[in-house]
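> Just need the structure, nothing else, for what follows:
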Amino acid sequence: MNLLKGKLFGIARGVLVGLALILQVVFIIGLVRYLQEYASYLYIFTELSSVILALKLLNEGTDYKYYWILIVLALPVFGYFLYFMWGRSSVNNKTNKRIRQSEFKASKCMKQNHQVMEELRRLHPNKVQISRYLSRQGYPLYKNTNVKYFDIGEKLLESLIQDLEKAERFIFLEYFIIDEGEIWSRIQNILYRKAAKGVEVRLLIDDFGCLLINDSDFHKDMEKHGVKLEVFGKIHQDVSRFTFNFRDHKKIAVIDGNVGYTGGVNLADEYANIITRFGHWKDTGLRLEGDGVWSLTCFFLEMWEAVINKDIENYTLFKPTVKVESEGYVQPYMGGPHKVRNNPSEFTYTHLINKARDYLYITTPYLILDAKMKEDIITAASSGVDVRIITPKIYDKWYVHMVTIYNYGVLMENGVKIYEYSKGFIHAKNVVSDDECATCGTINMDYRSLHMHYECGVLISEKQAVMDIKNDFIDTMKQSERINYQSWKKRPLRQKLIQWILKIFSPML
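Now for the predicted structure:
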């Protein structure tokens with residue numbers, strides 16, 4: 001009954017927000033009609049302002065801005081008002097200002113060991129630029145960190161549950177999706193038991209992702225059992241700015257500051273293949289142990305402080321207490337709309353593509369590329385790099401899958417090999433290159449992950465995990481169907497038309 005109540009409450013909240021958005025559109029339509037009939041000079045002024053706005057967006061030069069140019073020019077006055085309500089950059093909104101403040105504080109705690117960077121430079125002079133950039137953005141490169149790669153979600157979740165049982169000081173969980181089921185029930189019971197024993201337990205969830213579970217009973221239950229709960233991006237707040245479009249998509253678990261997890265796996269049964277939604281769910285993630293966990297801890301604390309809007313944390317209380325001796329390098333990083341002009345998520349992907357010499361293997365559930373990244377992939381393939389991409393055969397969002405298929409053509413035409421995971425839905429977000437480095441995290445190859453969502457990943461160099469990611473790609477490729485370019489060109493005309501239309505709106509999908 002409580003589960004049904006929670007789902008109904010979430011649906012009701014979503015419907016109310018949808019109605020609020022519709023009312024805003026109706027208001028704009030009414031305003032435009034009023035200006036046409038009773039304030040013609042103001043209407044003409046607004047039309048001219050629309051042209052100026054379009055030129056301004058053209059100079060900013062991103063695909064996302066081009067989308068708004070289309071709207072503003074096609075619907076001069078209506079599009080002008082719509083842009084100022086929904087389309088303006090989120091860079092300067094209150095949440096991003098608070099996140100930047102927290103990041104500045106965290107950057108004083110996360111210091112780069114320059115000897116470690118110099119070691120990497122000697123090993124990989126070709127790719128050290130990626131790590132240098134991330135370090136200068138406030139994301140240090142670490143040694144002495146064990147890394148375990150999980151090639152499937154159920155393995156990661158079982159390992160996470162075992163580590164949660166060992167918690168003695170604190171548990172930090174930050175997840176985009178939590179849903180009722182076996183996985184969440186097991187984790188919830190551990191959190192309650194640990195909190196009762198004095199372990200500090202904090203849970204940070206995204207409101208949009210947890211819409212069906214985030215009701216008053218959920219909050220009361222957490223409070224009753226001593227779990228501190230905060231919610232990012234409440235969908236009913238600041239609806240006029242469409243801010244719920246910018247979501248906390250990160251998946252982070254930190255236990256005692258010594259063990260950390262990230263990757264594509266949320267806390268729900270489909271991620272462990274306990275229930276079937278879109279065929280077999282193929283997901284991946286990482287377990288870190290040692291110095292590198294410190295960055296994941298700081299990422300969590302940064303977002304926690306931004307949500308509660310208070311500078312209360314002494315970050316150093318949560319530093320790792322266990323020393324690990326390990327070769328190789330890890331570099332956790334975070335991206336989001338607070339860094340939209342210089343986003344580490346996009347930079348890391350782009351430079352892994354540009355720096356590849358022999359091969360580049362990519363797994364992503366969505367392939368919604370902007371012009372720059374598409375050109376980079378094509379350039380790599382045209383230069384003789386073996387570029388292969390795996391996407392799902394069974395999709396979760398048909399309209400996103402339509403654009404993904406549309407993007408196959410120009411890539412295959414230029415030598416990129418495209419595969420679809422035949423067994424179901426692949427949710428893994430991995431890039432691996434040249435047996436040297438790889439990244440695994442929460443970042444999809446689409447506009448949302450690269451421009452709108454708060455994301456995180458881990459760049460790995462000279463670790464066994466790099467080869468594990470490569471070998472997993474090769475095994476997954478054997479369970480996938482290669483897309484034939486000639487067959488792709490023979491898609492039904494109706495499908496081509498739908499894909500072409502959806503491609504225009506791909507920045508918003």
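> hey, where'd the strands end up in the stretch 251-400 of the chain?
252-255, 259-263, 280-282, 285-290, 329-335, 359-363, 386-392 (DSSP state E, counting those that start in this stretch).
> can you map out the helices along the stretch 401-509 of the chain?
Listed in chain order, the helices of the stretch 401-509 of the chain (DSSP state H, counting those that start in this stretch) span 447, 464-478, 485-489, 493-504.
> again but with the stretch 251-400 of the chain, I slipped
293-308, 344-355, 371-382, 398-413.
> I'd like to know which of those helices is closest to residue 132.
Residue 132 sits nearest to helix 344-355 of all those, at 10.4 Å, using CB to CB. To be clear about C-beta, it is placed using only N, CA and C from the backbone, and glycine gets the same treatment.
> Contacts for that closest one next, please.
Helix 344-355 has contacts (CB atoms under 8 Å, 6 or more residues apart in numbering) with 126-127, 129-130, 133-134, 137, 139, 333-336, 360, 372-373, 376-377, 379-380, 431, 433, 437, 439, 443, 445, 449-451, 455, 457, 459.
> and those residues, which are buried?
127, 130, 133-134, 137, 139, 333-336, 360, 373, 376-377, 380, 431, 433, 437, 439, 443, 445, 449-451, 455, 457, 459 (16 or more other CB atoms under 10 Å).
> before we move on, back to that, and of the strands of the stretch 251-400 of the chain, who's closest to residue 420?
strand 386-392 (5.8 Å).
> elements contacting the closest one?
Contact partners of strand 386-392 among helices and strands, from 3 or more CB pairs under 8 Å, 6 or more residues apart in numbering; DSSP states H and E: strand 359-363, helix 371-382, helix 398-413, strand 417-421, strand 424-426, helix 464-478.
> Which positions in it come out as buried?
Of the residues in strand 386-392, 387, 388, 389, 390, 391, 392 count as buried by neighbour count, 16+ other CB under 10 Å.
> what are the ranges of the strands in the stretch 101-250 of the chain?
145-150, 170-175, 200-206, 228-232.
> What pairs with the third one, parallel or antiparallel?
To tie it back to what came earlier, the one meant is strand 200-206. Strand pairing for strand 200-206, using DSSP bridges, gives strand 170-175 (parallel), strand 228-232 (parallel).
> what's in contact with that strand?
Residues outside strand 200-206 that contact it (CB under 8 Å, 6+ apart): 169-178, 191, 194-195, 214, 222, 226-233, 247-249, 300, 303-304, 307.
> With just CA atoms, put stretch 251-264 into CSV.
The C-alpha trace of stretch 251-264 is given here as CSV (Å, rounded to 0.1, in the frame of the first residue of the first chain):
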residue,chain,number,x,y,z
LYS,A,251,26.1,7.4,-8.7
ILE,A,252,28.5,7.5,-5.8
ALA,A,253,28.9,5.3,-2.7
VAL,A,254,31.6,6.0,-0.1
ILE,A,255,32.2,3.8,2.9
ASP,A,256,34.4,5.1,5.7
GLY,A,257,36.4,7.2,3.2
ASN,A,258,38.4,4.1,2.3
VAL,A,259,36.1,2.4,-0.3
GLY,A,260,34.2,4.1,-3.1
TYR,A,261,31.9,3.1,-6.0
THR,A,262,30.7,4.7,-9.2
GLY,A,263,29.5,3.7,-12.6
GLY,A,264,26.2,3.3,-14.3
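> Distance from the chain centre to it, please.
Offset of stretch 251-264 from its chain centre (CA atoms, centre = their mean, to the nearest Å): 16 Å.
> Then stretch 457-468?
Distance of stretch 457-468 from its chain centroid, counting by CA atoms, centre = their mean, is 19 Å.
> just stretch 462-473 next, same as before
Offset of stretch 462-473 from its chain centre (CA atoms, centre = their mean): 21 Å.
> swap in stretch 184-194?
Centroid separation for stretch 184-194 versus its chain: 26 Å, with CA atoms, centre = their mean.
> Restricting to C-alpha, output that stretch in CSV.
Only the C-alpha atoms of stretch 184-194 are listed here, as CSV (Å, rounded to 0.1, in the frame of the first residue of the first chain):
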residue,chain,number,x,y,z
TRP,A,184,16.8,-1.3,-2.1
SER,A,185,15.2,-3.3,0.6
ARG,A,186,18.6,-5.0,1.4
ILE,A,187,20.5,-1.7,1.3
GLN,A,188,17.9,0.1,3.3
ASN,A,189,18.0,-2.5,6.1
ILE,A,190,21.8,-2.1,6.3
LEU,A,191,21.5,1.7,6.5
TYR,A,192,19.0,1.5,9.3
ARG,A,193,21.1,-1.0,11.3
LYS,A,194,24.3,1.0,10.8
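> Give me the residues contacting it.
Residues from elsewhere that reach stretch 184-194 (CB under 8 Å, 6+ apart): 160-161, 164-165, 167, 171, 173, 178, 201, 203, 213, 225-227, 267-269.
> Buried residues, stretch 315-330. List them.
315, 318, 320, 324, 326, 328, 329, 330.
> Of those, just say which sits nearest to residue 150.
Residue 150 lies nearest to residue 330 out of those, by CB to CB, at 15.3 Å.
> what sits opposite the closest one in the beta ladder?
Here residue 330, judged by DSSP bridges, has bridge partners residue 142, residue 460.
> So it sits against residue 288, correct?
Yes - between residue 330 and residue 288 there is a contact under CB atoms under 8 Å: 6.4 Å.
> Common neighbours of these two, please.
Among the neighbours of residue 330, those also in contact with residue 288 (CB under 8 Å, 6+ apart) are 145, 147, 458.
> sorry, back to before: nearest to residue 44, of the helices and strands packed on strand 386-392?
Per CB to CB, nearest to residue 44 of the helices and strands packed on strand 386-392: helix 371-382, 33.8 Å.
> List of residues touching the closest one?
With CB under 8 Å, 6+ apart as the test, helix 371-382 has contacts from 63, 346, 349-350, 353-354, 356, 360, 369, 387, 407, 410-411, 414-416, 445, 450.
> of those residues, buried ones?
Among the contacts of helix 371-382, those buried by neighbour count (16+ other CB under 10 Å) are 63, 346, 349-350, 353-354, 356, 360, 369, 387, 407, 411, 414-416, 445, 450.
> Contact partners for residue 249?
Going by CB under 8 Å, 6+ apart, residue 249 touches 176, 206, 209, 442, 448, 449, 453, 454, 455.
> Let me know the closest of those to residue 296.
residue 442 (11.7 Å).
> list the contacts for the residue nearest to that closest one when sequence neighbours are not counted?
Once flanking residues are discounted, residue 442 sits nearest to residue 455: 4.9 Å by CB to CB, 6 or more residues apart in numbering. Residue 455 makes contact with 249, 250, 334, 335, 336, 345, 441, 442, 443, 449, according to CB under 8 Å, 6+ apart.
> Return the set of residues that bridge with the fourth one.
Just to be clear, that refers to residue 335. residue 455.
> That one contacts residue 443, correct?
Yes - contact criterion CB under 8 Å: residue 335 and residue 443 qualify, at 7.1 Å.
> okay, and the common contacts of the two?
345, 450, 455, 456.
> from those, which has minimum pLDDT?
Lowest pLDDT of the shared contacts of residue 335 and residue 443: residue 450, 87.
> Please name the residues that touch it.
Contact partners of residue 450, counting by CB under 8 Å, 6+ apart, are 335, 343, 345, 346, 349, 370, 373, 443.
> switch to 7 Å and redo it
By CB atoms under 7 Å, 6 or more residues apart in numbering, residue 450 lies in contact with 343, 345, 346.
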